[in-house]
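Asks: Okay, predicted coordinates and the sequence, questions at the end:
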Amino acid sequence: AFQGGASAQPPLPGMDEEYDVIVLGTGLKDTLLSGLMSVAGKKVLHMDRNGYYGGESASLNLNQMFEKYANGTQPPPELGSSRDYNIDLIPKFIMASGKLVRMLLYTKTTHYLEFKQIDGSFVYKKGQVYKVPATEGEALSSGLMGLFEKRRFRSFLVYVQDYEEAKPDTHKNRDLRKMTAAELFKDFGLSDETVDFVGHALALFSNDGYLQQPALELVKRCQLYSTSLAQYGKSPYIYPLYGLGELPQAFSRLSAVHGGVYMLNKPVDKIEYDESGRVCGVTSEGETAKCKMVIGDPSYFLNDGKVKQTGQVIRMVCIMSHPLPNTNNSDSCQIIIPQHQVGRSHDIYITCLGQSNCVAPKDKYVVIVSSTVETQEPVKELAPALKLLGKPDKIFALLNNVYEPTNDFTKDGCFISTSFDATSHFETSVADVLKIYDQVMSTLPPEQRKPIDLDNLPSQDE
């Protein structure tokens, strides 16, 4: 480094500085919040104990998977080149007109990423796999329901399509804020099996709790499915080439462009609090960076009594030499197994991705089966799904604890995200980010608050 003179580079900000915000972890939620804070003009330091971006939502190559989940053994050569794999630790798809796409547009990070449509969505019923109808023609020819049920289903869909909250004449004398989802289904005379299909494969609820909630949420979720489907036609989902680990990297670039400082391989030894219990810094390797607030994923707060475990998610990563059976040889797809079909309280999700998504070598597929844990034997719980796969070349079992914050952010200045759930898309994740962002803004002086409205995005240059 040069000392003095016109050509001297200013040293990078380091640990001995004071920051507005320190962000711990480079998962999707943390990097998105870091980017949003940087855009809002805050001075951000971002630390991660790992040597790679993404935290829990990283995409790993084959060597990294074997290192982390197979006791450091070497991958067998028949699985192909390690660097051709980008295996998501948290498998999720992106709704084509959902909150994450709006967030990418809002933050103008779409140019860092390339997306590809997912070929198809499928649903499990009585031991068989059916395509979720993507068009009216497909619905009429689908084996999912009989002729009379199809007519009732169609009239339900027409109601959902036409419904606008602000236009009472589209409500047809139904108050969806009071009427439950179960009552709305009953109104249209839909059978239990159709209800199962609509609730879990279209509205994408992961359990049946929604049936006793106001029907408005059900209708909005069905509308999201259909507007997402209308974007590209084959399925409502898109996915970034090279894996979901690309998303945290895109949001990290956004933060860096606005002056955010990044430190990987940085162990967080201690979060520092003042006498009143408010966060005032983070200590790593003997140095303390000062701050006014900390944002982070729950794994950084386990020793501080600020999070509680609410459950576990089991994910089985299978490397296969064939696409999923009964999915029309789709290179990429999802199968949803509604809870009732296999006597569970939570759905099982199967995602399949291949070479066309740049996550596996030619003729190899990465299939991930996931669900919320309900028993003492999580792997056994996924047996009905594993039966549908055919023979995998290699299986990794990943068990993740799910945490949520219990602290009062107004008192301690700690803004903690919840762990990723088992849902197959990012709607709940972005909702959590927006909630935390609003919490942070609520603690700032009014003139510093910068609200985000994803429903009214500024026009895009690209």
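Replies: The structure has been received and is ready for your questions.
Asks: Can you give the contact residues for the one helix or strand Tyr130 maps to?
Replies: Using DSSP states H and E, the secondary-structure element containing Tyr130 is strand 128-131. Counting by C-beta atoms under 8 Å, 6 or more residues apart in numbering, strand 128-131 makes contact with 120-124, 138, 142-144, 325-328, 335, 388, all of which sit outside it. No exception for glycine: its C-beta is placed from N, CA and C like everyone else's.
Asks: are any of those residues buried, and which?
Replies: Using 16 or more other C-beta atoms under 10 Å as the burial test, the contacts of strand 128-131 include 120-124, 144, 327, 335, 388 as buried.
Asks: circling back to that earlier point, pick the one among the contacts of strand 128-131 closest to Lys108.
Replies: Closest approach between the contacts of strand 128-131 and Lys108, by C-beta to C-beta: Ser121, at 29.2 Å.
Asks: which secondary structure elements does the helix or strand harbouring that closest one contact?
Replies: Take DSSP H and E as the rule and Ser121 turns out to sit in strand 120-125. Applying 3 or more C-beta pairs under 8 Å, 6 or more residues apart in numbering; DSSP states H and E, we find strand 120-125 packed against strand 128-131, helix 192-197, strand 333-337.
Asks: picking up where we left off before, which member of the buried ones among the contacts of strand 128-131 is positioned nearest Leu211?
Replies: If you rank these by distance to Leu211 using C-beta to C-beta, Val123 comes first, at 17.7 Å.
Asks: still on that earlier bit, which pair of the buried ones among the contacts of strand 128-131 spans the longest distance?
Replies: So, the buried ones among the contacts of strand 128-131 by C-beta to C-beta: farthest apart are Leu144 and Leu388, at 16.6 Å.
Asks: what about Asn400, which helix or strand?
Replies: In this assignment (DSSP H and E), Asn400 forms part of strand 394-405.
Asks: hang on, the earlier thing: could you redo the buried ones among the contacts of strand 128-131 as CSV and give each row pLDDT and distance to Gly277?
Replies: Shown next, in CSV, are the buried ones among the contacts of strand 128-131 (pLDDT from 0 to 100; distance: C-beta to C-beta, whole Å):
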residue, pLDDT, distance to Gly277
Gly120, 91, 52
Ser121, 93, 47
Phe122, 95, 50
Val123, 95, 49
Tyr124, 95, 49
Leu144, 88, 55
Thr327, 93, 53
Ile335, 96, 47
Leu388, 95, 51
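Asks: Mean neighbour count, the helices and strands packed on strand 120-125: which tops it?
Replies: Across those, the average number of neighbours (mean count of other C-beta atoms under 10 Å) peaks for strand 333-337, which reaches a mean of 27.
Asks: what separates it from the chain centre, distance-wise?
Replies: The gap between where strand 333-337 is centred and where its chain is centred comes out at 16 Å by C-alpha atoms, centre = their mean, to the nearest Å.
Asks: circling back: direction included, what does the strand holding Tyr130 pair up with?
Replies: Taking DSSP bridges as the criterion, strand 128-131 pairs within the sheet with strand 120-125 (antiparallel).
Asks: and the angle for the strand it pairs with with strand 333-337?
Replies: For the pair strand 120-125 and strand 333-337, the angle between their directions (axes from the mean of the first three to the mean of the last three C-alpha atoms, to 10 degrees) equals 20 degrees.
Asks: coming back round to it: name the helices or strands packed onto the strand holding Asn400?
Replies: By contact count (3+ C-beta pairs under 8 Å, 6+ apart), the secondary structure elements abutting strand 394-405 are helix 62-69, strand 307-320, helix 378-381.
Asks: pLDDT averaged over the last one - what is it?
Replies: Mean per-residue pLDDT for helix 378-381: 96.
Asks: Following the chain onward from it, which element is next?
Replies: helix 383-386.
Asks: Which residues does the helix or strand hosting Ile350 contact?
Replies: Ile350 belongs to strand 348-353 when elements are defined using DSSP H and E. By C-beta under 8 Å, 6+ apart, the list of residues contacting strand 348-353 from outside reads 91-93, 239, 323-324, 327, 330-337, 342, 359-360, 365-371, 381-382, 384-385, 388-389, 422-424.
Asks: on that earlier part again, give me the distance from the helix or strand just after the strand holding Asn400 to the chain's centre.
Replies: Tracing the chain past strand 394-405, the next element assigned as helix or strand by DSSP H and E is helix 409-412. How far helix 409-412 lies from its chain's middle: 27 Å, per C-alpha atoms, centre = their mean.
Asks: let's have the chain start at 25 instead
Replies: I'll keep to 25 as the first residue from here, and by that count the last item is helix 433-436.
Asks: now helix 433-436: mean pLDDT?
Replies: Computed over helix 433-436, the mean pLDDT rounds to 96.
Asks: sorry, back to before: by how many degrees do whichever helix or strand comes after the strand holding Ile374 and strand 418-429 diverge?
Replies: Scanning forward in sequence from strand 372-377, with DSSP H and E defining helices and strands, the next element found is strand 389-396. Angle of strand 389-396 versus strand 418-429, following the same axes, to 10 degrees, is 40 degrees.
Asks: Just the CA atoms of strand 389-396, as CSV, please.
Replies: Taking Å, rounded to 0.1, in the frame of the first residue of the first chain, the C-alpha atoms of strand 389-396 are listed here in CSV:
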residue,chain,number,x,y,z
TYR,A,389,-30.3,-34.2,-11.6
VAL,A,390,-30.5,-32.6,-8.1
VAL,A,391,-33.7,-33.6,-6.4
ILE,A,392,-34.5,-32.2,-2.9
VAL,A,393,-37.3,-33.5,-0.7
SER,A,394,-38.3,-31.4,2.2
SER,A,395,-40.9,-31.0,4.9
THR,A,396,-41.5,-29.9,8.5
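Asks: And it, what does it pack against?
Replies: The elements that strand 389-396 packs onto, with contact taken as 3+ C-beta pairs under 8 Å, 6+ apart, are strand 111-112, strand 331-344, strand 372-377, helix 407-410.
Asks: Ok, which of these comes nearest Lys191?
Replies: Comparing the helices and strands packed on strand 389-396 against Lys191 with C-beta to C-beta, the closest turns out to be strand 372-377 (34.7 Å).
Asks: That closest one pairs with which strands, and in what direction?
Replies: Determined by DSSP bridges, the sheet partners of strand 372-377 are strand 357-361 (antiparallel), strand 389-396 (antiparallel).
Asks: Looking at those, which is nearest to Tyr109?
Replies: Go through these one by one with C-beta to C-beta and the one that ends up closest to Tyr109 is strand 389-396, at 7.1 Å.
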